[in-house]
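[1] sequence first, then the predicted structure, then my questions.
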Amino acid sequence: MRSAFTANKRLFQPSSFYTALPIVSSSDLSDSTIPGLLALHIRKGDFEDHCVHLSKWSADWNGFNKFPSFIDKFTPPPGGGGGYTTPENTELYLTHCFPTVQRIVDKVMEVQKVSEGLKNVYIMTNGQVPWLQELNAALLKAHRWDQVASSRDLKLNWEQKYVAQTVDMMIGERAQVFIGNGVRGLVFFSSFSYAGYD
């Protein structure tokens, strides 16, 4: 897993001297923050149906995501629960849990304004390539990022493919800024957002 992290370092730390080296350096193995990196965890795939399900049960955020020190908060709206909800509640949950490309870009730009030095974006996702291309284009149009890359860009050998999600988690936990599946427009409904990937 660490060899995959090192081999793909150009995706999340493109200016690194170590990118060109085929060996694993001590700095690659550290748990230090990667300056300038904004990591996004955006769960797609099965999540649209899951988000509708959450709305029917008035679900709140998961575990660690409810820490009082976190900036973004969520209160389940009234009018749902027990397997039923209103169309308005479903839309609210989808807005937070399964955001549009524009909603993601808006949140990234909001965070970028208050977090100095962000220059690279790494998207941890199970989203399909066409959707990722749309998101990449929108992010690059909104701001001059040095680089936007994603899970789909990882180059992994046959052994490393079994730990791809762990590689994403290693990247996400070292990012200067992390936005999980759901922060005020991308709400923490994913049980994996606090860890990094689904």
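    On my side now, so go ahead.
[2] so the spatially most central residue of the chain: helix, strand or coil?
    The residue lying closest to the centre of the chain (C-alpha atoms, centre = their mean) is His41, at 1.3 Å. Put simply, His41 is strand when judged by DSSP: H, G, I helix; E, B strand; the rest coil.
[3] was I right to think it contacts Gly180?
    Yes: with contacts counted by C-beta atoms under 8 Å, His41 reaches Gly180, the gap being 4.9 Å. In this view, the C-beta of every residue, glycine as well, is placed from N, C-alpha and C.
[4] got phi/psi on the closest residue in space to Leu11 that isn't next to it in sequence?
    Nearest residue to Leu11 in three dimensions, chain neighbours excluded: Ala149, at 4.0 Å (C-beta to C-beta, 6 or more residues apart in numbering). With angles defined as degrees, to the nearest 10, Ala149 sits at phi -140, psi 170.
[5] what residues are bridge-paired with Val177?
    Leu38 (DSSP bridges).
[6] name all residues that make contact with it.
    Each residue near Val177 by C-beta atoms under 8 Å, 6 or more residues apart in numbering is listed here: 37-39, 111, 115, 118.
[7] tell me the pLDDT at Phe67?
    Per-residue confidence (pLDDT) for Phe67: 65.
[8] surely Leu40 meets Asn120?
    No: applying C-beta under 8 Å as the test, Leu40 and Asn120 come out as separate, 11.3 Å apart.
[9] the more surrounded of these two?
    Using other C-beta atoms under 10 Å as the criterion, Leu40 and Asn120 rank with Leu40 on top: 27 against 22.
[10] which stretches of the protein have low pLDDT?
    By pLDDT under 70, the low-scoring segments of the chain are 15-30, 46, 62-72, 181-198.
[11] mind redoing it with 80?
    Counting by pLDDT under 80, the chain contains low-confidence ranges at 1, 15-31, 45-48, 60-75, 96, 180-198.
[12] run through the neighbouring helices and strands of the host helix or strand of Met124.
    Assigned by DSSP states H and E, Met124 belongs to strand 120-125. Packing partners of strand 120-125 (3 or more C-beta pairs under 8 Å, 6 or more residues apart in numbering; DSSP states H and E): strand 34-42, helix 129-142, strand 147-150, helix 164-174.
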